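Participant: how would this look folded up:
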Amino acid sequence: MNKLIPGHRALLFIGSLLFSLYVLAPIAWLLSSSLQSEAEITSVPPHWVPHAPTAQNFRAIFKAPDERVTYETRRQGDTATGGFIPSTAANLLPAMKNSFIVAIAVVVLNLLVSVPAAYAMAKIRFIGRKTSIYFMLSTRVIPDIALVVPFFLFVQKLGLMDNLLSLVITYLAITIPFSIFILTGYFESLPDELDKAARVDGCSRLQTLVLVFLPLALPSLVAVVLFTFLTSWNEFLLALMFTQTTASQTMPIVVASFTSDFNISFSFINAAGVLAIVPPVLIAIVFERYIVSGLTAGAVKG
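Facilitator: Okay, the predicted model is just below:
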């Protein structure tokens, strides 16, 4: 087995370190600035480590529903002192709830549709099988902005404007084709003998899928769950088009509204950003071992 010479090992270490810094620096700044006052966050040069850490931005988020924000109270808030609270601050926690409801609904419905469809395409031979797979995948070549008008007319005809169900339907249309493509490739990598043996033992197609293939496909299912959840959690354009009131607005829309006032608090926006990244990070931590097994699946044969 070839060993890396010291020079190559040092170069690899430096490259990995630079890449890690490139990826983690924005997150580190988000966390740091959320604990700074407005005067400190706008100082030159910026402070990566807060000189006087404060949780006032997070307190403002959780106190906002109990406080009435008017023009007079906003006018008194000075962003330099950190006392400014955006007029839409009270909408942040309800928007997080809406985002979570939509993301969970999309994940569950996506799995219910894509798993059986992927199994059928991988293990059942029929005319036009390959064509149908690539046709579904080709739908993701179309940019989302080109689908806004058709989606808008569709949702309007159904009477679902300003309704969370409109987001669930459109997000399913975006995520299901790619999910089927991912799962089909994984099911095809599993031996056909497993399918035949289960059928010989008297299992139906559904029993074969649930009892044989799903336990083996956990890494690919986790990949689909993460892709679907993150897509639904972060989506902005369609949520902006289909939601008009706080009853259905999701987190990206409300966070964006913090910059539409006559005054802007960067530290408050960053505190909201920290709350926004918590659910995806928790999901990644929970499914970490399945993610790692999915990355290494098929690396060793025999």
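
Participant: So what's the residue count around the closest residue to F152 other than its chain neighbours?
Facilitator: Leaving aside its sequence neighbours, F152 sits nearest to M241 (C-beta to C-beta, 6 or more residues apart in numbering; 5.9 Å). All C-beta atoms are positioned from the backbone trio N, CA, C, and that covers glycine. Neighbourhood size, M241 [other C-beta atoms under 10 Å]: 17.

Participant: what about stretch 111-118, distance to the chain center?
Facilitator: Centre-to-centre, stretch 111-118 and its host chain are 20 Å apart (C-alpha atoms, centre = their mean, to the nearest Å).

Participant: helices or strands up against the helix or strand that contains L112?
Facilitator: Taking DSSP states H and E as the criterion, L112 maps to helix 92-123. Packing partners of helix 92-123 (3 or more C-beta pairs under 8 Å, 6 or more residues apart in numbering; DSSP states H and E): helix 56-63, helix 129-138, helix 164-189, helix 205-208, helix 218-234, helix 251-257, helix 266-286.

Participant: Let's have those in TSV, adding distance to W48, mean pLDDT and mean neighbour count.
Facilitator: Shown next, in TSV, are those (distance: least, C-beta to C-beta, whole Å; pLDDT from 0 to 100; neighbours: other C-beta atoms under 10 Å):
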stretch	distance to W48	mean pLDDT	mean neighbour count
helix 56-63	17	78	17
helix 129-138	43	78	13
helix 164-189	36	90	20
helix 205-208	55	84	14
helix 218-234	26	89	20
helix 251-257	23	89	21
helix 266-286	13	86	17
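
Participant: so which of those comes closest to N98?
Facilitator: For N98, the closest of those is helix 164-189, at 6.2 Å, according to C-beta to C-beta.

Participant: Tell me the first helix or strand C-terminal of that closest one.
Facilitator: Later in the chain than helix 164-189, the nearest helix or strand by DSSP H and E is helix 192-200.

Participant: buried stuff in that following helix?
Facilitator: D195, A198 (16 or more other C-beta atoms under 10 Å).

Participant: same check, this time on stretch 137-153
Facilitator: Of the residues in stretch 137-153, L147, V148, F151, F152 count as buried by neighbour count, 16+ other C-beta under 10 Å.

Participant: residues making contact with that stretch?
Facilitator: T170, A173, I174, P177, F178, F181, L237, L238, M241, F242 (C-beta atoms under 8 Å, 6 or more residues apart in numbering).

Participant: Skip the chain neighbours and tell me the closest residue to the fourth one.
Facilitator: It refers to P177. M136 (4.1 Å).

Participant: check contacts around that neighbour.
Facilitator: M136 makes contacts with P177, I180, F181, as judged by C-beta under 8 Å, 6+ apart.

Participant: Tell me how far the second one lies from P150.
Facilitator: Computed as C-beta to C-beta, to the nearest Å, the I180 to P150 distance reads 21 Å.

Participant: And for S132, nearest residue in space, chain neighbours not counted?
Facilitator: What sits nearest to S132 in space, not counting adjacent residues and going by C-beta to C-beta, 6+ apart, is M121, at 7.0 Å.

Participant: ditto for T231
Facilitator: T175 (5.5 Å).

Participant: Please give me every residue in contact with the one you found.
Facilitator: Contacts for T175 (C-beta under 8 Å, 6+ apart) come out as V106, N110, F227, T228, T231, S232.

Participant: List the buried residues for stretch 238-252?
Facilitator: Within stretch 238-252, the residues scored as buried using 16+ other C-beta under 10 Å are L238, A239, M241, F242, T243, S248, Q249, T250, M251, P252.
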